[in-house]
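A.B. asks: Got a sequence here, can you model it:
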Amino acid sequence: MKTPSDLVEYLLSIPDKEAMDVALSALLSDKEMKSVEKRLKILRMLRMGISQRQIARELKVGIATVTRGSHAARLYDL
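C.D. replies: Sure thing, here's the model as predicted:
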């Protein structure tokens, strides 16, 4: 998968948390932001050793969504 380098460079240039909040709000819709937040929760829960099925139940997402997060976490050491 190709890295979206323009996006990465832009985000890395943001100087502080408040500016990052503004930038992300400008770039992402509310629905997209909620989706990203849910994916971050999946990664955190996987790191805590919570089973994929339990994560899917707790976050009310499909098991395929959690499995995708698990594969990405292993592949990119997230």
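A.B. asks: which stretches of the protein form helices?
C.D. replies: 5-12, 17-27, 30-47, 52-59, 63-76 (DSSP state H).
A.B. asks: Any chance of CSV for the ones you listed, columns mean neighbour count and mean pLDDT?
C.D. replies: (Each C-beta comes from the backbone N, C-alpha and C, glycine too.) Converted to CSV, the helices of the chain look like this (neighbours: other C-beta atoms under 10 Å; pLDDT from 0 to 100):
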stretch, mean neighbour count, mean pLDDT
helix 5-12, 10, 90
helix 17-27, 11, 95
helix 30-47, 14, 94
helix 52-59, 15, 96
helix 63-76, 14, 88
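A.B. asks: What separation do you get for the nearest residue to residue 20 once chain neighbours are set aside and residue 26?
C.D. replies: Once flanking residues are discounted, residue 20 sits nearest to residue 14: 4.8 Å by C-beta to C-beta, 6 or more residues apart in numbering. In this view, residue 14 and residue 26 are 11 Å apart by C-beta to C-beta, to the nearest Å.
A.B. asks: likewise residue 70?
C.D. replies: For residue 70, the distance to residue 26 - C-beta to C-beta - is 31 Å.
A.B. asks: gap between residue 33 and residue 17?
C.D. replies: Taking C-beta to C-beta, one finds residue 33 at 15 Å from residue 17.
A.B. asks: Actually, residue 72.
C.D. replies: Separation of residue 72 from residue 17 (C-beta to C-beta) stands at 24 Å.
A.B. asks: how about residue 52, what does it touch?
C.D. replies: 46, 63, 66, 67, 70 (C-beta atoms under 8 Å, 6 or more residues apart in numbering).
A.B. asks: Now the second one. Nearest residue, chain neighbours left out?
C.D. replies: If I follow you right, that is residue 63. With sequence-adjacent residues excluded and distances taken as C-beta to C-beta, 6+ apart, residue 63 is closest to residue 56, at 4.7 Å.
A.B. asks: That neighbour contacts residue 66, correct?
C.D. replies: Yes: with contact defined as C-beta atoms under 8 Å, residue 56 counts as touching residue 66 (4.9 Å).
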